[in-house]
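A.B. asks: here's my sequence, what's the structure:
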Amino acid sequence: MSELDRKVTRVFAGKVVRKDLVRKVKVGANIPVFVLEYLLGKYCATDDPNAIEAGLRVVNTTISTNFVRPDESNKAQSMVKEKGKHTFIDKVKVRYLSEDDKYWAELLNFGHKYVHIPDRYLREYDRLLMGGIWAQVDLHHLYDQDARGKRSPFWIDSLKPIQIATFDLDEFQECRSEFSTDEWIDLLIRSIGLEPQHFSRRGKMLLLVRLIPLCEENYNLVELGPRGTGKSYAYQELSPYTILLTGPTTVANLFYNMATGKMGLVGTWDVVAFDEVADLQKMKKEVVTTLKTYCESGTFARGKDALTGRASIAMFGNTNQAVEIMVRSSHLFMPMPEVIREDLAFLDRLHFYMPGWEIPKMRVEYFTEHYGFVVDYLAEAFRELRKHNFSDSIDRYFSLGSHLNARDVKAVRKTVSGFIKLIYPHGKFSRAELAEILELALEGRRRVKEQLKKLGSFEYHQTSFSYIDNETREERFVGVPEQGGRDMISSDPLAPGSVYAASVDDQGKAGLYRLEVGCSPGSGKMRTAGGIDGTMKESITRAFAYLRAQKARMGISQHVDITDFHVEAIDLLGNHVPIEPGVALIVAVYSALKKHSVLPGLVILGDLTIQGNIKSLRSLVEPLQVSMDNGAKRALIPLENKRNFLEVSGDIIERVDPIFYSDPMTAAMKALGMT
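C.D. replies: Numbering: from 1, shown residues only. Take a look at the predicted model:
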């Protein structure tokens, strides 16, 4: 037995179990994990291989004789009648019926709602009245002679909870103090069935992120990544207080059923998780709208009433491309269903984007053979910790940077609070330990904001997340490993005929494209690739008509007459915001014909009329911000917009050099560095 195992079995005696034994029995038994772990803790709590083998036989025998499948309920009731008594493992719920003035127990798999139960068990185990508990129950059969109310022949002789019937948080916190941070993290990782030595420190921390919704109320998590990484495992096996949905749902089911007056899932479970989130495409818009409101404040309106829920929301989905491709060609919310993906306000309510591509696919060697918490004990710890709040713990050592708005601050504080509940439930941590979880919280929230920025909305442009040490006043900036789409504008020269272009639409959304012009022998015609349509095609057609009319003045008459031009526009942000790249087209054609590249890191702004008059942009701020965020070093700007340069932030002025032009020919010459 390892040193950590010895310490765990000593400090948490009776609350831990060997996880490899759970897997061994679970394969052949479709019963809750906490029932298995209870039996294994009772019969296999030893290191002796022979005793373990004997214990496993007892466990399997107990399951086969005492565990009732729901389709065998009549057989089980008959067995009690014929034998007079029998022991079962079942979930027991108790309710009070006023018409009988009596408590009745219901055994779920046994299939009987009216079983006599001694009142003393209600005083000992109050959770019998709050959703019920799994228990080992001794039943006997006896004719009910009570003439009042309902009659039942089934009586509970004894009841021994299999789930934790009471939980002492003070004891849990005190026991945590006996472990170092590394030991405690390893114990948590083993408790979810994995062996920590196969994961880096960052890998372990990311695995723990999956548990934050279990211990933090109203927490919104999304994880997108490859298949087979165990995304939804925690919500199937680790807690009886979570529900995993595998398809679309309704407002009545999720929130409140006005016909029956019953609260929906968010009011009855600690976590509502959505597996295979792409399947939610069929979900009605009404559900998404109500969920959006709920994710913001934990409240929702049904009829005349405003109702409240405390359930956290977790969403899991599969990626079909490598993260590098998604970052380069689109954004990281692409696997989400369109009904959610296109609702930026909904996405902005997500507290943490878990990078599922960093978690390896589960292999047999990743599973642990060591001791971990009995999952029911851990679930009770998480549930009790939901009542506590550690969101102000950041203020002990740090303050947050200026780029974090109110939603960002809330998301980061809730993530830090969740991490503290998981790793430091006793409330003791150092400055460095707090910095570690704060940086991860900032990264998870920034990943959300980076995608919103790439989707083209200027209001999300502030993504330079940072935190400040309250003592030294040192400010540290936190990035995302995949870089959030930075440097799409190459700092190296492009091939002749290729340029970057940007503009802003009437909704304030910025588009960023790479325009590529190819040449082949021909008669001066232009062909555009598929995907160029609407205002973009009009702008390109207008610019090409002007270029043909002015070809002699530009000194390219002979080349234009014997060349056909093929134009393609690549949407770098993947946000489908059309631009008006008239000037960019003229520069690209001029560059292709002269076989001369434009200046490296240059983005071209502006359009022109059929007569060649330069059209100023609606605003400089949005296209310049998007261009800078994606690596632009220079910007070709209409002279008409020079007065708007005062509206641009100092950060952009410092990092992007403006090059002003007054006519298309000047723009082409300056873009190629010929003046």
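
A.B. asks: from Trp269, how far out is the residue lying closest to Tyr219 once chain neighbours are set aside?
C.D. replies: In space, and not counting its chain neighbours, Tyr219 is closest to Ser312: 4.1 Å by CB to CB, 6 or more residues apart in numbering. C-beta here means a position set from N, CA and C on the backbone, and glycine is covered the same way. As judged by CB to CB, to the nearest Å, Ser312 and Trp269 stand 9 Å apart.

A.B. asks: more crowded one of the two?
C.D. replies: More crowded of Ser312 and Trp269, by other CB atoms under 10 Å: Ser312, with 28 against 20.

A.B. asks: hmm, back to that, got phi/psi on the residue nearest to Tyr219?
C.D. replies: Main-chain dihedrals, Ser312, degrees, to the nearest 10: phi -80, psi 160.

A.B. asks: might one say that it is in contact with Val271?
C.D. replies: Yes: using CB atoms under 8 Å, Ser312 makes contact with Val271 at a distance of 4.8 Å.

A.B. asks: name the residues contacting each of these two.
C.D. replies: Common neighbours of Ser312 and Val271, counting by CB atoms under 8 Å, 6 or more residues apart in numbering, are 213-214.

A.B. asks: report pLDDT for the residue nearest to Tyr219.
C.D. replies: Per-residue pLDDT puts Ser312 at 96.

A.B. asks: begin at 32, not 1, for the rest of this chat.
C.D. replies: All right, first residue 32 from here; so that's Ser343.

A.B. asks: quick one: contacts for it?
C.D. replies: Ser343 neighbours (CB under 8 Å, 6+ apart): 243-245, 247-252, 301-303.

A.B. asks: report the buried members of those.
C.D. replies: For the contacts of Ser343, a burial check counting by 16 or more other CB atoms under 10 Å picks out 243-245, 247-252, 301-303.

A.B. asks: okay, now the closest residue to Pro654 other than its chain neighbours: neighbour count?
C.D. replies: Nearest residue to Pro654 in three dimensions, chain neighbours excluded: Ala533, at 4.0 Å (CB to CB, 6+ apart). Residues contacting Ala533 under the criterion other CB under 10 Å number 29.

A.B. asks: can you pull the pLDDT of Ala533?
C.D. replies: For Ala533, pLDDT reads 94.

A.B. asks: got it, and Phe347?
C.D. replies: At Phe347, the pLDDT value in this model is 94.

A.B. asks: show me what it is bridged to.
C.D. replies: Phe347 has these beta-bridge partners by DSSP bridges: Glu254.

A.B. asks: Leu275 now?
C.D. replies: Ala304.

A.B. asks: the strands in the stretch 532-681 of the chain, which residues?
C.D. replies: 541-552, 557-559, 594-602, 633-635, 638-639, 645-646, 665-669 (DSSP state E, counting those that start in this stretch).

A.B. asks: can you list the helices and strands that the second one packs against?
C.D. replies: Strand 557-559 sits against helix 565-580, strand 594-602, with contacts defined as 3 or more CB pairs under 8 Å, 6 or more residues apart in numbering; DSSP states H and E.

A.B. asks: of those, which is nearest Gln204?
C.D. replies: In terms of CB to CB, the element of those nearest to Gln204 is strand 594-602, at 52.5 Å.

A.B. asks: between strand 541-552 and that closest one, find me the angle.
C.D. replies: Here the directions of strand 594-602 and strand 541-552 differ by 160 degrees (axes from the mean of the first three to the mean of the last three CA atoms, to 10 degrees).

A.B. asks: tell me the angle strand 594-602 makes with helix 565-580.
C.D. replies: Orientation check (the same axes, to 10 degrees): strand 594-602 against helix 565-580 gives 150 degrees.

A.B. asks: who does strand 594-602 pair with, and is each partner parallel or antiparallel?
C.D. replies: Sheet pairing for strand 594-602, using DSSP bridges, gives strand 541-552 (antiparallel), strand 557-559 (parallel).

A.B. asks: not counting its own residues, what contacts the last one?
C.D. replies: This points to strand 557-559. 568, 571-572, 575, 595-599.

A.B. asks: which residues does the residue lying closest to Pro368 once chain neighbours are set aside contact?
C.D. replies: In this structure, Pro368 finds its nearest non-sequential neighbour in Gln312, 3.8 Å apart by CB to CB, 6+ apart. Counting by CB under 8 Å, 6+ apart, Gln312 touches 368-370.

A.B. asks: same question, Tyr384
C.D. replies: 253-255, 363, 475-476, 478-479, 482.

A.B. asks: from the centroid of the chain, which residue is nearest?
C.D. replies: Val253 (1.2 Å; CA atoms, centre = their mean).

A.B. asks: neighbours of the closest residue to that residue other than its chain neighbours, how many?
C.D. replies: In space, and not counting its chain neighbours, Val253 is closest to Met346: 4.6 Å by CB to CB, 6+ apart. For Met346, the tally of surrounding residues (other CB under 10 Å) stands at 23.

A.B. asks: from memory Met346 sits against Glu307, does it?
C.D. replies: No: with contact defined as CB under 8 Å, Met346 does not reach Glu307; the gap is 9.8 Å.

A.B. asks: what helix or strand is Ala699 on?
C.D. replies: Ala699 is part of helix 695-702 when elements are defined by DSSP states H and E.

A.B. asks: flag the shaky bits of the chain, pLDDT-wise.
C.D. replies: Applying pLDDT under 70 to the chain flags residues 57-61, 76, 177-180, 194-196, 359-360, 487-489, 514-518.

A.B. asks: chain center to the longest helix seen in it: distance?
C.D. replies: Ranked by residue count and defined by DSSP state H, the top helix of the chain is helix 462-485. Its chain's C-alpha centre and that of helix 462-485 lie 13 Å apart, by CA atoms, centre = their mean, to the nearest Å.

A.B. asks: next one: stretch 418-436
C.D. replies: 21 Å.

A.B. asks: could you count how many residues lie near Glu505?
C.D. replies: Residues near Glu505, counting by other CB under 10 Å, number 9.

A.B. asks: so it sits against Ser497, correct?
C.D. replies: No: using CB under 8 Å, Glu505 makes no contact with Ser497, being 10.0 Å away.

A.B. asks: now Thr339. Its backbone dihedrals?
C.D. replies: According to degrees, to the nearest 10, Thr339 has phi -130, psi 140.

A.B. asks: got a list of what it touches?
C.D. replies: Thr339 sits next to 298, 329-330 when contact means CB under 8 Å, 6+ apart.

A.B. asks: of those, closest to Asn661?
C.D. replies: Of these, the one sitting nearest to Asn661 (CB to CB) turns out to be Gly329, at 36.2 Å.

A.B. asks: now the closest one. Nearest residue, chain neighbours left out?
C.D. replies: With CB to CB, 6+ apart as the criterion, Gly329 has its nearest non-adjacent residue at 4.4 Å, and that residue is Asn249.

A.B. asks: who's the residue nearest to Pro654 bridged to?
C.D. replies: Under the criterion used (DSSP bridges), Ala533 bridges to Leu543.

A.B. asks: any idea how many residues pack against the closest residue to Arg207 other than its chain neighbours?
C.D. replies: Sequence neighbours aside, His457 is the residue nearest to Arg207 in space, at 4.7 Å (criterion: CB to CB, 6+ apart). Neighbourhood size, His457 [other CB under 10 Å]: 17.
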